[in-house]
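**Q** I would like to see how this sequence folds:
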Amino acid sequence: MTVLDRQTYPGIAEPAAYQLARLAAHYDGFDFLEAIRTGKLPPAPVAELLGFTIRDVAPGSVTFVMTPEEKHYNPIGMVHGGVAATLLDSAMGCALQSVLPAGTGYSTLDISVRYLRPMTARTGSVVATGTLVHKGRRTATAEARLVDEAVGQVLATATSTLLVLS
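**A** Take a look at the predicted model:
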């Protein structure tokens with residue numbers, strides 16, 4: 001991704017994705033996530049697209065919250081499984097990111113999602129919590145749960161293997 005040159009294009013708003021790309025090489029693990037949570041950094045573009053925000057962050061654990069809407073529906077009248085998978089994947093990846101040193105990134109190698117209950121606009125707020133299970137030198141594993149906030153029912157669970165990029 002090319003970062004917008006502020007001298008060449010003065011006055012043009014810098015998109016959130018560019019801001020994150022410019023700042024990513026300088027973040028310091030947990031402090032980076034804390035800066036996002038407190039609004040010092042913009043949310044990731046996918047978070048804006050789907051409408052989820054960070055509720056809580058701690059080393060090795062991140063919680064997102066989202067309210068499903070009809071815009072998230074698949075053709076059969078419920079929230080598309082890809083929305084749930086993206087939310088779970090984001091929570092697991094950020095759980096890893098919360099413990100990485102400055103300048104170290106990650107990429108999901110694989111993800112396994114189990115859908116237990118449907119989500120609709122009537123569900124209300126859902127909470128996805130990702131937890132780091134193991135961090136090795138080159139790979140890490142994480143798990144996540146997506147829960148209906150009002151009734152506490154588990155809607156989906158996931159596990160993933162992540163590649164640590166240094």
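**Q** let me see the ranges of the helices in this protein.
**A** Assigned by DSSP state H, the chain shows helices spanning 16-24, 30-37, 45-50, 81-97.
**Q** for Pro68, the count of nearby residues, please.
**A** 26 (other Cβ atoms under 10 Å). Heads up, the C-betas are built off the backbone N, CA and C, glycines and all.
**Q** what of Arg114?
**A** Counted by other Cβ under 10 Å, the residues lying close to Arg114 total 11.
**Q** need the pLDDT of it.
**A** Note for Arg114: predicted pLDDT of 98.
**Q** next one: Leu100
**A** 87.
**Q** same thing with Val3?
**A** 45.
**Q** ditto for Asp89
**A** The model's pLDDT for Asp89 equals 97.
**Q** state the distance from the residue most central in space within the chain to Val127.
**A** Nearest to the geometric centre of the chain sits Ser90, at 2.6 Å (Cα atoms, centre = their mean). Separation of Ser90 from Val127 (Cβ to Cβ, to the nearest Å): 13 Å.
**Q** list residues touching both of those two?
**A** Common neighbours of Ser90 and Val127, using Cβ atoms under 8 Å, 6 or more residues apart in numbering, are Phe64.
**Q** identify the bridge partners of the nearest residue to Ala47 once chain neighbours are set aside.
**A** In space, and not counting its chain neighbours, Ala47 is closest to Thr53: 6.7 Å by Cβ to Cβ, 6 or more residues apart in numbering. Beta-bridge pairing for Thr53 (DSSP bridges): Val65.
**Q** returning to that earlier point: correct me, but the residue nearest to the centre of the chain touches Pro43?
**A** No: using Cβ atoms under 8 Å, Ser90 is not in contact with Pro43; the gap is 10.5 Å.
**Q** the helices of the chain: lowest mean pLDDT?
**A** Note on these: lowest mean pLDDT is at helix 16-24, with a mean of 55.
**Q** how long is stretch 95-105 from one end to the other?
**A** For stretch 95-105, the first-to-last residue distance is 12 Å (Cα to Cα, to the nearest Å).
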